[in-house]
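>>> predicted coordinates and the sequence they were generated for:
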Amino acid sequence: MSRDRFIAGGLFALGLAALGGFALSQSAVAQDVIDGPGPNLMIEVAGSTTGTIVIDLASDVAPNHVAQITALAQEGAYDGVVFHRVIDGFMAQTGDVEFGKTGGDLSGAGMGGSSKPDLAAEFSSMTFDRGVVGMARSMDPNSANSQFFIMFGAAPHLDGQYTVVGRVISGMEVVDAIKKGDQAANGAVDAPDYMASVTVAE
């Protein structure tokens, strides 16, 4: 698989320019995710920082994406996958089970997916606020596969453009501490932190 899966360049650039102008918000729809049916994704982070991130997956908002994430976690596919792209104030991206395993050649991290098929978009009215988790994709809206990103701050320009799959309900301080990348290199991280283990709690 050779397509780069990322938050599309134009939207990304707009986001960096606009971040300072948007206050964090929490919509009623976003609250539904916090109180939603789960399941929860439990991420044990290792590297320069350690701790547990708990994500309440929005199975009622993006059922197909949540099913794929859950299956990959249950297979152990996410274990050892790095946070390959981390941009201070914007987001931390991970989930490349094909090219993003720690200890290996990470030169292709961000360009892979998994052995599972790409997913049709499940866009919703969920807003990209702090702690919201979205699926990375290429320019094709129907190309999300295994990679996902966690928001450090609000990015309204992403709303309706990427599938929201959940929200961090515990461990946001761990997310904030994930090693940041070089903004001049599109957030690429040298010796990145990684997901030591990823499990699912119903």
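Now that the structure is in, tell me what you want to look at.
>>> so what's Gln93 up against?
Phe6, Ile7, Phe83, His84, Arg85, Val86, Gly110, Ala136, Gln147, Phe148, Phe149, Gly187 (CB atoms under 8 Å, 6 or more residues apart in numbering). C-beta coordinates here come from the backbone N, C-alpha and C atoms, glycine included.
>>> which SS class is it?
Gln93 falls in the strand class when you classify it by DSSP: H, G, I helix; E, B strand; the rest coil.
>>> report the beta-bridge partner residues of the spatially most central residue of the chain.
Centre of the chain computed as the mean C-alpha position; nearest residue by CA atoms, centre = their mean is Phe149, 1.7 Å away. When bridges are taken as DSSP bridges, the partners of Phe149 come out as Gln93, Gly134.
>>> surely it meets Ala92?
Yes - at 6.4 Å, Phe149 and Ala92 qualify as touching, with contact defined as CB atoms under 8 Å.
>>> which residues do the two both contact?
Shared contacts of Phe149 and Ala92, defined by CB under 8 Å, 6+ apart, comprise Arg85.
>>> thinking again about what came up before, for the contacts of Gln93, which one is nearest Ser59?
Nearest to Ser59 among the contacts of Gln93: Phe148, at 14.6 Å, using CB to CB.
>>> would you mind measuring from the closest residue to Asn145 other than its chain neighbours to Asn186?
Of all residues not flanking Asn145 in the chain, Gly113 sits nearest, at 3.2 Å (CB to CB, 6 or more residues apart in numbering). Distance, Gly113 to Asn186, using CB to CB, to the nearest Å: 19 Å.
>>> quick one on the thing from earlier: who wins for neighbours among the contacts of Gln93?
Of all these, the most densely surrounded is Phe83 (29 neighbours; neighbours counted as other CB atoms under 10 Å).
>>> tell me who's in contact with that residue.
Residues near Phe83 by CB under 8 Å, 6+ apart: Ala92, Gln93, Thr94, Ile178, Lys179, Val189, Pro192, Asp193, Tyr194, Met195.
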